[in-house]
Every structure is written in C-alpha cells, then in structure tokens.
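Visitor: take this sequence and fold it.
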Amino acid sequence: MKKLFLVFVALFMLLVSNLDAARYDVRVKRVGNNMYKDLNSGALIKTSLCLELALGDEAILIWDCARGSEVYGCGKLIFIDSGTSCKVDAVY
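Guide: Purely as a prediction, here's the structure:
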C-alpha cells in the first residue's frame, strides 16, 4: 500500500511540474551556430550544442520555464523527422 501511495505521489508531482510547459509547432531553419529561426513566426531559438542541419524542418518547441523565472536552458527543440532534440537556452 505504501508503494502504491508513493507511485501516486510521484505521478502527481510529474503532472503538476509540467503544467507550465508550453508546446509550439515550429518550422525551423538553421541560421548560425546554435541558432534557429522559426519560419512561421520569425522567432529566433538559441540552442546549446545542437548540430541539426535544418532547412525548414518541422519541429516542436517545448518551453518549460516556471512563470516569471529567468531560468537558462529550460526548453527543448525536438526535430520531428530525425527525432533528435536539443536544449533551448532562449527564444527571442
């Protein structure tokens, strides 16, 4: 019974921690080292150690920063075709 309760608490914490996560469908083009541009909105996405060569690739941008925080690197860019992901440091 105690294990079941701990599993329930862990699942609840996981769900609560992802409430502030925002998910965006983007189409990105690499414009420099660790810099991608969303061709839909014009936003620049700064990544960290990302080697994906994108020429208008469909991707998912997940921004998981707590509201009002200035946490560096709390996002993820997932390239749909290749399945690779990169850490996102900032979106401009």
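Visitor: and L55, backbone torsions?
Guide: When read as degrees, to the nearest 10, the backbone of L55 gives phi -120, psi 40.
Visitor: let me know the secondary structure of the closest residue to it other than its chain neighbours.
Guide: Take L55 and drop its neighbours on the chain: the residue closest to it by C-beta to C-beta, 6 or more residues apart in numbering is K29, 5.9 Å away. From N, CA and C alone the C-beta is placed, and that goes for glycine too. Recorded secondary structure, K29: strand (DSSP: H, G, I helix; E, B strand; the rest coil).
Visitor: show me what K29 bridges to in the sheet.
Guide: Residues in a beta bridge with K29, per DSSP bridges, are K37, L55.
Visitor: I'd assumed C86 was in contact with I62.
Guide: No - in this structure, I62 sits apart from C86 without contact. The criterion is C-beta atoms under 8 Å, and the distance is 11.1 Å.
Visitor: for the protein, which spans come out with low pLDDT?
Guide: For the chain, residues meeting the criterion pLDDT under 70 lie at 1-20, 66-72.
Visitor: which residue would you name as the spatial centre of it?
Guide: The centre of the chain sits closest to K76, judged by C-alpha atoms, centre = their mean, with a distance of 2.2 Å.
Visitor: can you list contacts of the helix or strand harbouring that residue?
Guide: Under DSSP states H and E, the secondary-structure element containing K76 is strand 75-79. Residues outside strand 75-79 that contact it (C-beta atoms under 8 Å, 6 or more residues apart in numbering): 26, 28, 36, 45, 47, 50, 52, 54, 57-65, 84-89, 91.
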